[in-house]
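J.: heads up, no residue letters with this:
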Ligand SMILES: C[S@@+](CC[C@H](N)C(=O)[O-])C[C@H]1O[C@@H](n2cnc3c(N)ncnc32)[C@H](O)[C@@H]1O
């Protein structure tokens, strides 16, 4: 199983302990409705000013806090996540709230949909920092680009760091900003062996300039970029981008 599938274990714990969302699991938010990205999302949607029934895709939707918020704003929402348990929880929550959201299990790096020009907005609700290797990130962003309509928007909020050597949180970071955690030899997800130990990569924390460059290289026009300093960890920041797929090839 790929390294980024390891969230499944956390969602099983959340389901067992009745924890409704990733934000609550990580103690970043107090309720399902009060998701981490809400403040930025509200201002980003205000900037874009789309028609109310626009088609929106939530990548790495988890249990669906962002999808539910968007559906409540009148958007037609699809969400997918690599975690089967997260998607089951998302479906139950949407049903309880009476919301019509189409959820599926899928992988942004190898998405099953072959369609293109489908969505008015694609939103990265903190999925992209789970994709660590360059080739996976290129595949994921190329899929986002393909799924967007011409002139459609990609809204991204993702972790960033100016200097990876400042990292003092769990695990360790290499010079590319890949966060590594030591695991046992029989760990069920894809691991890498170095220094005679087994490691799993869990995140990629990139320099804001490198994040901008990968969006430009994908073909996006960068309409708005902001760096929001992390309130808890001084050397971290949220990189926030509103990008547009060009209207013409
Ligand atoms: C930080 S959590 C955020 C979840 C949710 N967006 C929220 O705000 O509660 C990141 C999510 O990305 C999902 N994810 C990681 N890699 C993925 C991939 N390759 N394709 C789809 N989802 C992925 C994880 O399973 C996890 O649910």
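T.: Arrived safely. Because the structure is a prediction, the values reported are computed rather than measured. Numbers count the residues shown, from 1 in each chain.
J.: Quick one: list the elements packing against the helix or strand containing residue 68.
T.: Under the criterion of DSSP states H and E, residue 68 resides in helix 65-72. Under the contact definition 3 or more Cβ pairs under 8 Å, 6 or more residues apart in numbering; DSSP states H and E, helix 65-72 sits against helix 38-48, strand 55-59, strand 76-81, helix 84-97, strand 119-125. From N, CA and C alone the C-beta is placed, and that goes for glycine too.
J.: I'd like to know how many residues surround the closest residue to residue 75 other than its chain neighbours.
T.: Leaving aside its chain neighbours, residue 75 sits nearest to residue 56 (4.5 Å; criterion: Cβ to Cβ, 6 or more residues apart in numbering). Residues near residue 56, counting by other Cβ atoms under 10 Å, number 25.
J.: number of nearby residues for residue 118?
T.: By the measure other Cβ under 10 Å, the count of residues near residue 118 is 15.
J.: hmm, back to that, switch the helices and strands packed on helix 65-72 over to JSON lines, and while doing so, append mean pLDDT and distance to the ligand to every line.
T.: Shown next, in JSON lines, are those (pLDDT from 0 to 100; distance: least, Cβ to the nearest ligand atom, whole Å):
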{"stretch": "helix 38-48", "mean pLDDT": "95", "distance to the ligand": "10"}
{"stretch": "strand 55-59", "mean pLDDT": "98", "distance to the ligand": "6"}
{"stretch": "strand 76-81", "mean pLDDT": "98", "distance to the ligand": "5"}
{"stretch": "helix 84-97", "mean pLDDT": "98", "distance to the ligand": "5"}
{"stretch": "strand 119-125", "mean pLDDT": "97", "distance to the ligand": "3"}
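J.: out of the ones you listed, which comes closest to residue 109?
T.: Residue 109 sits nearest to strand 55-59 of all the helices and strands packed on helix 65-72, at 10.5 Å, using Cβ to Cβ.
J.: which helices and strands sit right next to the closest one?
T.: Applying 3+ Cβ pairs under 8 Å, 6+ apart, one finds that strand 55-59 contacts helix 65-72, strand 76-81, strand 119-125, helix 134-147.
J.: Dump the ones you listed to TSV, plus mean neighbour count.
T.: Below are the helices and strands packed on strand 55-59 laid out as TSV (neighbours: other Cβ atoms under 10 Å):
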stretch	mean neighbour count
helix 65-72	24
strand 76-81	25
strand 119-125	24
helix 134-147	18
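J.: any idea of the mean pLDDT for the helix or strand that residue 152 is a member of?
T.: Applying DSSP H and E as the criterion places residue 152 in strand 148-161. Confidence for strand 148-161, expressed as mean pLDDT, is 97.
J.: can you give me how far it is from the chain middle?
T.: The chain centre lies 10 Å from the centre of strand 148-161; the measure is Cα atoms, centre = their mean, to the nearest Å.
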